[in-house]
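Q: Prediction below, plus the sequence it came from.
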Amino acid sequence: MSENDSYGFYEVVPDGFNLLDATPDKLDLYGIPQRPDAVTEPRLFAFWKRLVSSPFTARQPTFSSIDPPSLGGPAQSLLNWSGALISSPSPERIVFATAGWKAPSVSLPSAPALFTPTNDPRSLLWIGLDGHNGALPNISLPQIGTAHWPNHEPQHFAWWEWWRNSSSDETPRMSQQAITMIANLPINAGDEILAGLAVQVSGDVLFFIKNQSTGEFRSFLARPPGVILPLGSSVEWVVERPTDPPSRKLFPLPNYGSVDFRYCLARAAADGPLAPGRLMTLNEKALMIHMREAFADPYRTVTVSSPALRQDPDGSVGVTCRFKEPT
């Protein structure tokens, strides 16, 4: 594995290699999450099978910064998140989580929001672990997903971040936590995305994302960004409007239409990532998060993005987030 201080890259899966029959050590070598049990975890196995099946082309990811930067992060009075969250009861911790969605088309909303740095709408779609108690010192939030910004080039791209709230005796690192683009994973509106996070015994996290429409797959191992609280208290599936690091103001939300999050699955275990666990779904008392923005003439605060649970034909439960034009 090639490495730097914050992340490392895996060996590239050889063209034509059969991941469906790969041994656990080969899956580890290539940065592929371990195979779920097809009998005890059939829906998680169905996700994994799609993830590793054709079309499939793996490359080491290349990363680039975004100018001007944007910052993901924890929920801020429900002003920046819309989606669903489930929590794991102690002593269980979430050690594996998955998601799927289609990249939405985006456009400018009908009215500009107040208290934003610029009229430059931005949306992030992601799956993440923890972060909803964002005021706690050393709480963190590893997250991976896609970005959809109508005024940006490219308008759609993949990204990741491991946000952390600095402890009270540290200098805040807001400018150092801007999201990172996965530059060599092209995304277009309508592409199907599969993504997830797998906590390792070391405390590092395997990040993975695939453009199912093109077959392009990227994965890497990230290390905690400093001292953090134990991971796995919750998992989130979220549409977010990110923060502008210099001003710490939220960007406005673009009109993204609707997004159906699928494969909203998580494994929770009491004794670490290698221990037997149980599957958690949105049936586990999911917290539904509605996003609000402020507008003028007249001044009002209105809901601009709302989630709703959805029963899919295969019996699984997903969440649909819908944009709402301000009225």
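A: On my side now, so go ahead. Numbering: from 1, shown residues only.
Q: for stretch 48-66, how far is the first residue from the last?
A: Taking CA to CA, to the nearest Å, stretch 48-66 runs 31 Å from one end to the other.
Q: Not counting its own residues, what contacts it?
A: Outside stretch 48-66, the residues that touch it by CB atoms under 8 Å, 6 or more residues apart in numbering are 2, 9-10, 12-13, 15, 19-20, 30-33, 35-36, 159, 178-185, 194, 208, 210, 212, 214-220. For every residue, glycine as well, the C-beta is placed using N, CA and C.
Q: Could you pull out the buried residues of it?
A: Across stretch 48-66, burial judged by 16 or more other CB atoms under 10 Å covers 48, 51-52, 56, 58, 61, 66.
Q: try stretch 11-27
A: Those would be 13, 19, 22, 27, for stretch 11-27 by 16+ other CB under 10 Å.
Q: Which of the residues you listed sits closest to Glu236?
A: Using CB to CB, Leu27 is the member of those that lies nearest Glu236, at 25.6 Å.
Q: Doesn't that closest one belong to a helix?
A: Yes. Under DSSP: H, G, I helix; E, B strand; the rest coil, Leu27 sits within a helix.
Q: In which helix or strand does the closest residue to it other than its chain neighbours reside?
A: Spatial nearest neighbour of Leu27, excluding adjacent residues (CB to CB, 6 or more residues apart in numbering): Gln34 at 5.7 Å. Assigned by DSSP states H and E, Gln34 belongs to no helix or strand.
Q: Now Gln34. Its backbone dihedrals?
A: For Gln34, the backbone dihedrals are phi -70, psi 150 (criterion: degrees, to the nearest 10).
Q: check contacts around it.
A: Gln34 neighbours (CB under 8 Å, 6+ apart): 24, 27-28, 198.
Q: among the buried residues of stretch 11-27, which are in helices?
A: Among these, the members falling in helices (DSSP state H) are Leu27.
Q: Out of the buried residues of stretch 11-27, which is nearest to Asn119?
A: Val13 (42.9 Å).
Q: what's the closest non-adjacent residue to that closest one?
A: Closest residue to Val13 apart from its sequence neighbours, by CB to CB, 6+ apart: Ala58 at 4.0 Å.
Q: Report the beta-bridge partners for the one you found.
A: Each beta-bridge partner of Ala58 is listed here, defined by DSSP bridges: Phe217.
Q: Just the pLDDT for the residue nearest to Leu27.
A: What the model reports for Gln34 is a pLDDT of 97.
Q: roughly how far apart are it and Arg262?
A: Distance, Gln34 to Arg262, using CB to CB, to the nearest Å: 21 Å.
Q: Of the contacts of stretch 48-66, grab the buried ones for PyMOL.
A: Typed into PyMOL, the line below selects the buried ones among the contacts of stretch 48-66, using 16+ other CB under 10 Å:
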select buried, resi 9+10+13+19+30+31+32+33+35+36+159+178+179+180+181+182+183+185+194+208+210+212+216+217+218+219+220
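Q: Just to be sure, which of the contacts of stretch 48-66 are found in strands?
A: Judged by DSSP state E, the subset of those located in strands is 2, 9, 159, 180-185, 194, 208, 210, 216-220.
Q: Tell me where the stretch 101-250 of the chain has strands.
A: Ranges of strands within the stretch 101-250 of the chain are 123-129, 140-148, 156-164, 180-186, 192-199, 205-211, 216-222, 234-240, 243-244, 249-250, based on DSSP state E, counting those that start in this stretch.
Q: Can you list the strands that the third one pairs with?
A: According to DSSP bridges, strand 156-164 forms sheet pairs with strand 140-148 (antiparallel), strand 180-186 (antiparallel).
Q: quick one: it to strand 192-199, angle?
A: For strand 156-164 against strand 192-199, the angle by axes from the mean of the first three to the mean of the last three CA atoms, to 10 degrees is 20 degrees.
Q: Report the mean confidence score over strand 156-164.
A: 96.
Q: Report the angle between that strand and strand 216-222.
A: Going by the same axes, to 10 degrees, strand 156-164 is angled at 10 degrees with respect to strand 216-222.
Q: repeat for the second one
A: Orientation note: strand 140-148 sits at an angle of 160 degrees relative to strand 216-222 (the same axes, to 10 degrees).
Q: Where does pLDDT dip in this protein?
A: 1-4, 73-77, 167-176 (pLDDT under 70).
Q: what's the longest helix in it?
A: In terms of residue count, the longest helix belonging to the chain (DSSP H) is helix 42-52.
Q: Now Pro273: phi and psi?
A: Dihedral pair for Pro273: phi -60, psi -30, per degrees, to the nearest 10.
Q: Does it touch Ile94 like I think?
A: No. Between Pro273 and Ile94 there is no contact under CB atoms under 8 Å: 10.1 Å.
Q: Looking at the two, which is more packed in?
A: Set Pro273 next to Ile94 and count neighbours by other CB atoms under 10 Å: Ile94 wins out with 23 against 20.
Q: what about the residue nearest to Leu27, distance to Phe47?
A: For Gln34, the distance to Phe47 - CB to CB - is 13 Å.
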